[in-house]
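Visitor: Sequence first, predicted model second:
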Amino acid sequence: MPQPIRLKDHEKDARVVRNRVLVGAVGILALTLVLFARMYYLQVIQYDYHSTLSENNRVHVQPIPPNRGLIYDRNGVIIADNRPSFSLTLTRERAGDWETVLDTVVEVLALTPEDRELFEKRLRQGRRPFEPVPIYFELSEEQIARIAVNQFRLPGVDVAAQLVRHYPLREHFAHSVGYVGRINEQELKTLDPVNYSGTHHIGKTGIERFYEDELHGEVGYEEVETNARGRVLRVLNRTDPKPGKDLQLTLDTQLQEAAEQALGGRRGAIVALEPSTGEVLAMVSQPSFDPNPFVTGISFKAYAELRDSIDRPLYNRVLRGLYPPGSTIKPVVAVAGLDAGVVTPSTRVFDPGFYQLPNYDHKYRNWNRSGDGWVDLRLAIARSNDTYFYDLAHKMGIDRLHDYMTRFGLGQRVSLDMYEETAGLMPSRDWKRGRYKQAWFPGETIILGIGQGYMQVTPLQLAQATSLVATHGKWIRPHLAKSLDNEPPVDPDPIPDIKLRDDRFWDYARQGMEEVMHGERGTARKVGNSAVYRIAGKSGTAQVVAIRQGERYNSAALAERHRDHALFVAFAPADDPKIVVAAMVENGESGSGVAAPVVKQVIDAWLLGEDGQLKPEFRPALPMAEQKSDRPHE
Amino acid sequence: MSSFDRTISTEDVLKRRSSLLQRMHIDGWLLLILLLLGVGSLFVLYSASGRHWDLLAKQASSFGIGVVAMIVIAQFEPRFMARWVPLAYVIGVSLLLVVEVMGHTAMGATRWINIPGVIRFQPSELMKIIMPATIAWYLSRHNLPPRLKHVVISLALIVVPFALIAKQPDLGTSLLILASGAFVIFIAGLPWRWMLGAIAASVPVAVGMWYFILHDYQKRRVHTFLDPESDPLGSGWNIIQSKAAIGSGGVFGKGWLLGTQSHLDFLPESHTDFIIAVLSEELGLVGVSLLLLVYLLLIARGLVITVQAQTLFGKLLAGGLTMTFFVYVFINIGMVSGLLPVVGVPLPFISYGGTHMVTLLSSFGILMAIQTHRKWIAQA
């Protein structure tokens, strides 16, 4: 009979269960106390903290972005303005299944999967909860209508009007003014989170980046009562934003366009300066690109095309292009040699077509293999005689040469407000020891005399060095900003003027450069002959591939992109310089043949009126000078 | 049957007073506390839903349906239930398999069986009752405490539905079902040293789950739980907001209908899983304490029923259901107050939602059945 056994077990079972229920009850009580303790902690101990937090939620401070300052050229032509634009925003928290919503947006606007990828990337950059993140810009009327019709399928999607940067002159100033783009995560870390709380764009390159603080302005506020969905229920208080300062540039749109035309579709760079003020009148790096797509976010494909193009349109040749200056540096080297006392204006050197160091076999060739015979300083510049400058450089030595070149701004950043500028390189003993762990060889000094070797300069540095010759060593950093809210820019770190032992040294160099253009044996006399004013100029070539000893440069045998770059620097009018121009024509081969006409065309555009004569403001007051300008009529 | 009831009621003071309830197989204490919770729930919900009468009406009717279900279930005698438990288990697991194969997907999870126009329900809800009943049925066939073989088989019975529900994915419900089965084994006298061993073994299992089983959204929840501020845009937002709501309530609360967090829509899911935050904000620590007290009363009554139950099946089932009920409370409040990860567990009887209301009331119907059919069994 199982009955009695079951009864006995039943009692034991009841005891087991009763014990466990007791344990369970204690456990439940203890855990309930944990919950109570947690609530006590939140509601009593942390009460102040949380009540502040909840108050903050109710009253939101909503940023109002300031309007970005406008950018004009020196004549008031607008280069960068702000255009009202409709953009599509998505608030992730309101969208629910936001991925589906994105799919719907792509479908409704008939976009590509590539666009959708961009949207996701932009969404990830959202900063605050319930922040409407702009994902698509410049909606057309039709697109706005499509969104409106499909609104019921697009929770969290809104069409927002905002001011967006616009560059009406497109590619003309892409390399000088630069562009703004969407703030990225890295920039977010360093930005003032308050001032940029309502801003989506920031200067990425050029002037837009350098003067970001001034152009941006100060954020305004709106105290609003909202719900967590960001819906504004009521505006409580408003502080207007302070718009960014307007910026007038030194650039001249007409000259810029003339310079671009002078390059005539070739790859290259042109800088035009006003020597007396350091103002940059034109800055061309060709090919260029339209900066407008960068503002709203360029598509991967379009960007890849720009980036991978063999012509490198994104590459700023004026500020980042590094070239050996070649013979264009000779006037500066001449000035250095005169001041250092290693040559006098009348020092003569015999050129047999090459230069040799005593006790060395190596021949340093003159470009003219047959030799120029006896040459003095002026002729050496006019003929671009290499032998003379080999000798000069050798006599000076690397240390003095380095010191002088540095005073002319080589190997350092010379501009006042150009973000991208690179320093270039002016070699020295220390530099070589640090870089190659080697001593300096005398031969390396010799080729520096003709602007070859380790030396690397940007077209801007070349223009500035030439400008120093034109102004007798007056240092004003080249700059793009003419005035910020009617205030000229201030140089926080001015470079001391170059004072020579004898101020006439400048004139000797200038005379040599005039001979280049106007002398009987001048290398660029063909170009100089057609000028209605006196030009001081100097040509140069920058090697792209090295030529071995004893080998001749053979243009026909070289691939087009391996041909030498043509360089030319000039200022005019020679006795009262109003403009300095430096030009680099990529693979142009001949400084005097290719780059010189380009430079002359730019100078013409600046100095000459429609009648082909000097503009009245450039006509010299002195009758003696007038004679010079009359010369071509003879 | 009525004369029979009367003879018993002479022995029991309470029973004498509520002889009518006794005859209807209703436990007076449970009914009283549940009605209290039901009415209180409507007040909190009225505020949490933003004075939404429709929601209130739905909640009230769910509660009504639940009470009817409870009373109906209370009419069945526990031994009758025990007989059908194995079949119910098989059906329940089959339905879960059906969900797995051809279930209705909504919000990224496949939880529903949907026969359009006829019915749409979650088999996992049924499992919440079937699970403890199955283990209780199985273990009550043997002497206590259970031997290793019985524990292993019980665990196997638990793991099948647990895995199926966790795969849906519905972490909250699967954990509740795991707990409901485990509690029955615990009450049956599972040796302490085995429990310690199981806890020690669970560490590598947890690590394995992290890498091979948990969905990304579940991992994210754990991450967010560990450091909610790290993801204030996503799920961390919920915890930050709910803590702010609770904390800003203080001792006495901001007053009924005066909570700013819920009324300005700051609180996510304020009328469902996160409703305790609304209650805490508006009624303060006092309100929360009162609610906890009511829950404790309900649990106390459940444990009394457990101890008084006369069949082993009844004891185990009543204890399992009661303790599982506490798990609801603990997980929900712990989660909203930032003690536990965010898992979808409603606050019993307070959160808006018909399904959990009916399920919970049904389980209390079983408790009532165990309690009110007691004397009758004893006489037999």
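Guide: Noted; the coordinates are in hand.
Visitor: So the residue of the stretch 51-200 of chain B found nearest chain A: helix, strand or coil?
Guide: As assessed by CB to the nearest CB, chain A sits closest to residue B:189 within the stretch 51-200 of chain B, at 4.0 Å. Every residue, glycine included, has its C-beta placed from N, CA and C. Assigned by DSSP: H, G, I helix; E, B strand; the rest coil, the conformation of residue B:189 is coil.
Visitor: mind checking which helix or strand the nearest residue to it once chain neighbours are set aside is in?
Guide: Excluding its sequence neighbours, the residue lying closest to residue B:189 (CB to CB, 6 or more residues apart in numbering or on different chains) is residue B:145, at 3.3 Å. Remark: residue B:145 resides in no helix or strand, with elements defined by DSSP states H and E.
Visitor: Surely residue B:145 touches residue B:187?
Guide: No - the criterion here is CB atoms under 8 Å, and residue B:145 misses it with residue B:187 at 10.2 Å.
Visitor: Compare the two (neighbour count), which wins?
Guide: For residue B:145 and residue B:187, the more surrounded residue by other CB atoms under 10 Å in any protein chain shown is residue B:187, and the numbers stand at 30 against 18.
Visitor: quick revisit: check contacts around the residue of the stretch 51-200 of chain B closest to chain A.
Guide: Under the criterion of CB atoms under 8 Å, 6 or more residues apart in numbering or on different chains, the contact list for residue B:189 reads A:16, A:17, A:19, A:20, B:144, B:145, B:146.
Visitor: Also residue A:49?
Guide: Listed by CB under 8 Å, 6+ apart, the contact set of residue A:49 reads residue B:247.
Visitor: That one belongs to a strand?
Guide: No - applying three-state DSSP, one finds residue A:49 to be helix, outside a strand.
Visitor: Retrieve the pLDDT associated with it.
Guide: In this model, residue A:49 is scored at 81, pLDDT.
Visitor: And the one 4 residues further on, by the same measure?
Guide: Note on residue A:53: pLDDT of 67.
Visitor: Got the confidence number for whichever residue of the stretch 101-250 of chain B sits closest to chain A?
Guide: Nearest residue of the stretch 101-250 of chain B to chain A (CB to the nearest CB) works out as residue B:247 at 2.5 Å. Looking at residue B:247, its pLDDT stands at 87.
Visitor: Grab the nearest non-local neighbour of it.
Guide: residue A:50 (2.5 Å).
Visitor: Tell me who's in contact with the one you found.
Guide: Applying CB under 8 Å, 6+ apart to residue A:50 gives the contacts A:42, A:43, B:243, B:244, B:245, B:246, B:247, B:248.
Visitor: For the strand or helix carrying residue A:148, buried residues please.
Guide: Under the criterion of DSSP H and E, residue A:148 resides in helix A:141-149. Within helix A:141-149, the residues that count as buried by 16 or more other CB atoms under 10 Å in any protein chain shown are A:143, A:146, A:147.
Visitor: Ok, stretch A:513-532 next?
Guide: Using 16+ other CB under 10 Å as the test for burial, stretch A:513-532 gives A:513-519, A:522-525, A:527-528, A:531-532.
Visitor: burial count for residue 360?
Guide: Just going to use chain A. 10.
Visitor: You answered for a different chain; I wanted chain B.
Guide: By other CB under 10 Å, 24 other residues sit near residue B:360.
Visitor: From chain A, how far out is it?
Guide: 17 Å (CB to the nearest CB, to the nearest Å).
Visitor: State whether that residue is indeed within a helix.
Guide: Yes - using three-state DSSP, the assignment for residue B:360 is a helix.
Visitor: Return the backbone torsion pair for the residue positioned nearest the centre of chain B.
Guide: Residue closest to the average C-alpha location in chain B (CA atoms, centre = their mean): residue B:325, at 4.4 Å. Main-chain dihedrals, residue B:325, degrees, to the nearest 10: phi -60, psi -40.
Visitor: Equivalent analysis for residue A:586, please.
Guide: Dihedral angles of residue A:586 (phi, psi; degrees, to the nearest 10) stand at phi -60, psi 130.
Visitor: Can you give me every residue that contacts the closest residue to it other than its chain neighbours?
Guide: Spatial nearest neighbour of residue A:586, excluding adjacent residues (CB to CB, 6+ apart): residue A:267 at 3.9 Å. Residue A:267 makes contact with A:286, A:287, A:311, A:317, A:585, A:586, A:587, according to CB under 8 Å, 6+ apart.
Visitor: How about the second one: what's its closest non-neighbour residue?
Guide: In this structure, residue A:287 finds its nearest non-sequential neighbour in residue A:313, 4.4 Å apart by CB to CB, 6+ apart.
Visitor: these two touch, right, residue A:368 and residue A:353?
Guide: Yes - the pair residue A:368 / residue A:353 is scored as a contact, 6.9 Å apart, by CB under 8 Å.
Visitor: Thanks again, I'm all set now.
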